[in-house]
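>>> Coordinates for the following, if possible.
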Amino acid sequence: MSFWKQFEPATCLPDNCNCELVRDAFIRQPSAFWSSFSYLAVSLATVYLIKHHSTQLRNWAFVCFVMGLSSLFGHMSFTRFSLAIDISSIILVMTFFPVSHFTSKKGLSKLQTFSIFIVFYISLFIGIYHLEKWPKVFLCIVVFTFVLKDSFRFKATEVRLKDLNKSLFILFFSFALFLLDEFHIGCNPESLLQLHSLWHLGTALSMYFYGKWRLNEGF
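Alright, predicted model coming up:
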């Protein structure tokens, strides 16, 4: 029996998860697990490739790294606990810049800002833990809509807008792959190449361009 079966399973089990087979193994979804390393790669790329060295850049790289670890843990164990952490980390990444902008306007200290993020993250986890799969997806879409609206409040140069356009194009294309995978269209559960894994790669690349846009524009 898998080590992870002693813990409460993901709410989508046994037959309402994404396409990839949830195996009776220590790494229960290998395709989604290995593709999750793309988020860690984005974290490193943010530090070494974006020419905007600041505390905010390091913090953005850190939340990307946390999201990568959460995705690895989620697809390795596929428990209710780990997937709640995974979704909480996704929302943490999406809301990082609006929350940072708010704390900056309020003139809060680094410790106060850190405390707000910790309380926010824990609150997200508690709420998300009790949700089923599709309410979690809907919540992410609502948060994304808010963040997108917040992003368009800023005026950016035409050159920098190219980074935002790249980010959004890749994200929407990746989300289409995510939906195909969730509805098991073209699904092969045993395959090591899964549409959900391509969603990981696409969203990681989208995060890189989005972070590059916001950091280089100074917001």
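>>> Now do the helices in this protein.
For the chain, helices defined by DSSP state H occupy the ranges 30-35, 37-49, 55-77, 80-105, 110-129, 133-151, 158-182, 195-217.
>>> now for the third one, which elements pack on it?
What it means is helix 55-77. Judged by 3 or more CB pairs under 8 Å, 6 or more residues apart in numbering; DSSP states H and E, helix 55-77 is in contact with helix 30-35, helix 37-49, helix 80-105, helix 195-217. C-beta: built from backbone N, CA, C; applies to glycine.
>>> ditto for the fourth one
Contacting helix 80-105 under the criterion 3+ CB pairs under 8 Å, 6+ apart are the following elements: helix 55-77, helix 110-129, helix 133-151.
>>> switch to 10 Å and redo it
For helix 80-105, the packing partners by 3 or more CB pairs under 10 Å, 6 or more residues apart in numbering; DSSP states H and E come out as helix 37-49, helix 55-77, helix 110-129, helix 133-151, helix 195-217.
>>> before we move on, back to that, columns mean neighbour count on top of the helices of the chain, output as a markdown table?
Converted to a markdown table, the helices of the chain look like this (neighbours: other CB atoms under 10 Å):
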| stretch | mean neighbour count |
| --- | --- |
| helix 30-35 | 20 |
| helix 37-49 | 18 |
| helix 55-77 | 21 |
| helix 80-105 | 20 |
| helix 110-129 | 14 |
| helix 133-151 | 14 |
| helix 158-182 | 16 |
| helix 195-217 | 22 |
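>>> Turn those helices into JSON lines, columns for mean pLDDT and distance to residue 7.
Output for the helices of the chain, formatted as JSON lines (pLDDT from 0 to 100; distance: least, CB to CB, whole Å):
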{"stretch": "helix 30-35", "mean pLDDT": "98", "distance to residue 7": "17"}
{"stretch": "helix 37-49", "mean pLDDT": "94", "distance to residue 7": "23"}
{"stretch": "helix 55-77", "mean pLDDT": "96", "distance to residue 7": "7"}
{"stretch": "helix 80-105", "mean pLDDT": "95", "distance to residue 7": "7"}
{"stretch": "helix 110-129", "mean pLDDT": "95", "distance to residue 7": "13"}
{"stretch": "helix 133-151", "mean pLDDT": "92", "distance to residue 7": "17"}
{"stretch": "helix 158-182", "mean pLDDT": "91", "distance to residue 7": "23"}
{"stretch": "helix 195-217", "mean pLDDT": "93", "distance to residue 7": "21"}
